[in-house]
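[1] just to be clear, the model below is a prediction. Sequence and coordinates:
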Amino acid sequence: MKKELELIIPPEDIFNKEKFYEKAAEKLNLNIAELKAVVPLRRSIDARSKAPVYKLLVNAYINESPGDLHPKINYKPVRGNKKIIIVGSGPAGLFAALQLIELGIKPVIIERGKDVQSRRRDLRAIQQFHKVNPDSNYCFGEGGAGAYSDGKLYTRATKRGDVGKILNILVQHGASEDIVIEAHPHIGSNKLPEVVKSIRDTILNCGGEIYFDTKLTDFIIDGGIIKGIIANDEKEFTGDGVILGTGHSARDIYYLLHSKNMLLEAKPFSMGVRIEHPQSLINEMQYHTKNKHENLPAAPYALSCQVGDKGVYSFCMCPGGIIVPAATAPGEIVVNGMSLSRRDSAFANSGFVATVDEKDWQDVDAGYPFKGLELQKQLEQKCFELAGNTQSAPAQRVTDFVKGKISQSLPPSSYIPGLTSSALHNELPEYISRYLKEALHIFNKKMRGYLTEEAVIVAAESRTSSPLRIPRDDETYMHAGTSGLFPAGEGAGYAGGIVSAAIDGENCAKAAAIYVSKLQ
């Protein structure tokens, strides 16, 4: 018999499995010998009281043993001559490929960037030498933007597909089993590359193909039907359909689609800054003590409020993390956050952004639907100029930002390229700065000490999501107007994060398989 119950575990006992059995037996009024297994289903921290505790949702197995807790998929080599071209090897592309293999269809992935290990050299180049490779950076390359920005797996997209399946596939390819039970799971940027490589190996071993340094430059279209793509202006890849999973920063793809008279539409997004605090300060605010227990992780937070007609919120919070330069082209500054699996940096950073919509970009000198995208570019280029045409990002103490004065000094920061003191209270667009200022006061009421001179804001956090959507049919997942083209993931405007993008990739693969089955 199996019973589901909740256990309250103090931090000092969270790694003592015997305590789980004792508490479960006590709660069920059983002899502990009757418990054959106590299997955690969900683990979270309740820090509302002065003594934080873990909450464990578990299955207690009484006089029976559990089955396979992490079922593996037996990926088999594909047979037949049907194949789908996948553009992009981020989570949407990789999970689309795995799903196609399950369905017996050959995936052919083309990726503009490098493999996940080779990307590291280009990340070092932007960190140390301020040199941006437009095809290999924190956004482009195998694994996508998530590979080197923490590998956060939390999602609200539970109705779009099987989240458990996505997590189990990651475990099957080397991720920690903890991701299945954590309330806010993450893999860590030091471990995710090996997981990505393992997924690559599965795809190749099953007959799939992957081409790096291979950039989509044109589509092969015949009578409104996609027949394939052209890469690097010369090499043709033909197939029975194309899944487009190029990510939210592949701006050239939007322009290519537009040049082919393929439908695009503008959509709201968010922009702002990264805000960074000492992690010890966040721990103290969240755990109500200066002496955090060693079994408690670096404390996260999530904040949001409404200021007038705008939403302002924290985004992609990285406890024990660092701020990284995420530009995808020379002449711009974009910042993002990441952390390693241990989350043991002395700093906590988070996106701190406000919503941006049509009223903000209506006067931008760009044709529809590119006004929002142009707004992004203008802010990123301005930040580059403020930083003296380097990757040393413009920054300001939070207290000075609110007071409207230039910071005479800046606090220590994790941002390796360095910071440049700037009057962000004036330099950020008014439709952002005014709302961020008001939100800081609101957030400080929710977390006393959040508005502190020890905190710094770093600009610009501008790539929270795509400013464009590639319209598709709700049932077939096919692009509205182009047969055989399946826009997927964040770049298409239908996902936000690793898991939701992976689910969307799977859904597009299933839709593509149905489309292929109807071809003569």
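    Yes, it's here. Just so it is clear, the model here is predicted, and its values are computed rather than measured.
[2] only C-alpha atoms for contact and neighbour calcs from this point on.
    Will do.
[3] burial of residue 447, as a residue count?
    Residue 447: 15 surrounding residues under other C-alpha atoms under 10 Å.
[4] let me see the contact set for residue 188.
    By C-alpha atoms under 8 Å, 6 or more residues apart in numbering, residue 188 lies in contact with 149, 150, 151, 152, 338, 339, 340, 341, 342, 343.
[5] residue 258 - that's part of a helix, no?
    Yes. Checked against DSSP: H, G, I helix; E, B strand; the rest coil, residue 258 lies within a helix.
[6] just to check, it is in contact with residue 264?
    Yes. Contact criterion C-alpha atoms under 8 Å: residue 258 and residue 264 qualify, at 7.1 Å.
[7] among these two, which residue is more densely surrounded?
    Between residue 258 and residue 264, residue 264 has the larger neighbour count (other C-alpha under 10 Å), namely 21 against 14.
[8] I'd like to know which of the contacts of residue 188 are buried.
    Among those, the ones that count as buried by 16 or more other C-alpha atoms under 10 Å are 149, 150, 151, 152, 338, 339, 340, 341, 343.
[9] show me which of those is closest to residue 299.
    residue 343 (9.6 Å; C-alpha to C-alpha).
[10] from residue 237, how far off is the closest one?
    Distance of residue 343 to residue 237, given as C-alpha to C-alpha, to the nearest Å: 42 Å.
[11] just the helices in the stretch 151-300 of the chain please.
    Counting by DSSP state H, counting those that start in this stretch, the stretch 151-300 of the chain has these helices, from start to end: 163-172, 192-205, 251-259, 279-287.
[12] nearest to residue 106, of these?
    helix 192-205 (9.1 Å).
[13] these two touch, right, residue 463 and residue 250?
    No. Using C-alpha under 8 Å, residue 463 is not in contact with residue 250; the gap is 11.0 Å.
[14] same question for stretch 126-135, mean pLDDT?
    Confidence for stretch 126-135, expressed as mean pLDDT, is 96.
[15] so what does the closest residue to residue 93 other than its chain neighbours have for phi and psi?
    For residue 93, ignoring the flanking residues on the chain, the nearest one in space by C-alpha to C-alpha, 6 or more residues apart in numbering is residue 245 at 5.5 Å. Residue 245 adopts backbone torsions of phi -120, psi 60, taken as degrees, to the nearest 10.
[16] local confidence estimate at residue 245?
    Looking at residue 245, the pLDDT reads 97.
[17] how much space between it and residue 509?
    11 Å.
[18] comparing these two, which residue is more hemmed in?
    A direct count of neighbours by other C-alpha under 10 Å for residue 245 and residue 509 places residue 509 higher, at 33 against 30.
[19] look at the more buried one and give its secondary structure.
    Note that with three-state DSSP, the state of residue 509 is helix.
[20] isn't residue 1 right up against residue 59?
    No. Taking contacts as C-alpha under 8 Å, residue 1 lies outside contact range of residue 59: 9.9 Å.
[21] looking at the two, which is more packed in?
    A count of neighbours by other C-alpha under 10 Å puts residue 59 above the other of residue 1 and residue 59, at 20 against 11.
[22] residue ranges for the helices of this protein, please.
    For the chain, helices defined by DSSP state H occupy the ranges 17-28, 91-102, 119-129, 163-172, 192-205, 251-259, 279-287, 358-361, 371-386, 398-403, 424-427, 430-446, 489-492, 498-517.
[23] quick check: closest non-adjacent residue to residue 205.
    residue 77 (7.0 Å).
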